[in-house]
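Q: okay, predicted coordinates and the sequence, questions at the end:
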Amino acid sequence: MLPIRLAPEPPPFDTLVRQPGLLAIDDMLGRPVPTRTGPPRTQYSSLSEIPLKKFPDTWTAAIPWLREAYSCICAYSCLYIEHVTGHKTVDHFHPKGVRRDLIYEWSNYRLASHSMNRQKGNKIDILDPFEVRSGMFALDLVNMKVIPGPHAGADLAQIEATIQALRLDGPDYKAALSCYFDDYWRGQITISFLNERAPFLAHELRRQRWPTPPLQPTLLTLLD
């Protein structure tokens, strides 16, 4: 994982995501909703009693904005999510069942591939990509295995828990990184391409001063 900076909230977000969601909550809690149309909703006495499936999934409208803001890079795998074969999803970093007050908040959304979103699920011990510091995670370039980085410090236990929970040390993630690395080593793609499609791998190649492939320009020249 690499540090990610929270992107500004898109101007249409409030109108298309937050307000419809909050109005639906008001309606289910019996509060006046002047623009109410359609059949009546089931009423609940508190926010915590509303079943998660009853919350309108207006957050899906945010996917194109997340894709653009974060260059189609999954917040957890640091891999590009392909337009056709990939499945981009909105991950609620604070799970909907834990922080219902953040269900319709841009700051709680992370762009995630479907597989990473599924792995994370409702776990609450995952490190937030927006709070990750440089050097907290590293990559064993021989085995393509994610490990705690040189600056793990006091966060070592949570880093290890994050790696395990997201299976960043598992065979699928290793295979994905290996494909990029092999193409790069054979000279089929450039380090610039890696920066766009597998930025964590590119970062670790630079940090560890990995030897330049025979068919590539000088690595450090491109990265410095």
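A: Good, I have the coordinates.

Q: can I see the domain layout of the protein?
A: According to automatic domain parsing, the chain comprises the domains 13-120, 137-223.

Q: in terms of mean pLDDT, which of those ranks lowest?
A: Ranked by mean pLDDT, the domains of the chain bottom out at domain 137-223, which scores a mean of 89.

Q: helix, strand or coil for the most centrally placed residue in the chain?
A: Among the residues of the chain, A75 comes closest to the average C-alpha position under CA atoms, centre = their mean, at 2.6 Å. For A75, the reduced secondary structure class is coil; criterion used: DSSP: H, G, I helix; E, B strand; the rest coil.

Q: which residues touch P32?
A: Contacts for P32 were tallied using CB atoms under 8 Å, 6 or more residues apart in numbering; they are D26. For every residue, glycine as well, the C-beta is placed using N, CA and C.

Q: for the protein, longest helix please?
A: Here the longest helix in the chain is taken by residue count, with DSSP state H as the criterion, and it is helix 171-185.

Q: from the chain's centroid, how far away is that one?
A: Once both centres are worked out by CA atoms, centre = their mean, to the nearest Å, helix 171-185 turns out to sit 19 Å from its chain's centre.

Q: check stretch 113-130 too.
A: Here stretch 113-130 is found 7 Å from its chain centre; the criterion is CA atoms, centre = their mean.

Q: list the contacts of the residue nearest to the centre of the chain.
A: Contacts for A75 (CB under 8 Å, 6+ apart) come out as 1, 4, 91, 110-112, 116, 129.

Q: buried subset of these?
A: By the neighbour-count criterion of 16 or more other CB atoms under 10 Å, these include these buried positions: 1, 4, 91, 110-112, 116, 129.

Q: dump the residues you listed to CSV, plus secondary structure and distance to G170.
A: Conversion of the buried ones among the contacts of A75 to CSV gives the following (DSSP: H, G, I helix; E, B strand; the rest coil; distance: CB to CB, whole Å):
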residue, secondary structure, distance to G170
M1, coil, 15
I4, coil, 22
D91, strand, 18
R110, strand, 20
L111, strand, 21
A112, strand, 16
M116, helix, 12
P129, coil, 19
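
Q: start and end of stretch 75-87, how far apart?
A: End-to-end distance of stretch 75-87 (CA to CA, to the nearest Å): 13 Å.

Q: P95: neighbour count?
A: Neighbouring residues of P95 were enumerated by other CB atoms under 10 Å; the total is 19.

Q: ditto for D27
A: Taking other CB under 10 Å as the neighbour definition, D27 ends up with a count of 18.

Q: ok but it is inside a strand, no?
A: No - the assignment for D27 is helix, going by three-state DSSP, so no strand is present there.

Q: so it touches T35, yeah?
A: No - D27 is not in contact with T35 according to CB atoms under 8 Å; the separation is 9.8 Å.

Q: tell me what the helix or strand that the longest helix of the chain is followed by is packed against?
A: Downstream of helix 171-185, the next assigned helix or strand under DSSP states H and E is helix 191-197. Contacts of helix 191-197 with other secondary structure elements, assessed using 3 or more CB pairs under 8 Å, 6 or more residues apart in numbering; DSSP states H and E, are made with helix 171-185, helix 199-207, helix 219-223.

Q: need the strands for this structure, in chain order.
A: 88-92, 109-113, 137-140, 145-148 (DSSP state E).

Q: of these, which approaches F13 most closely?
A: F13 lies closest, by CB to CB, to one member of the strands of the chain: strand 109-113, at 9.4 Å.
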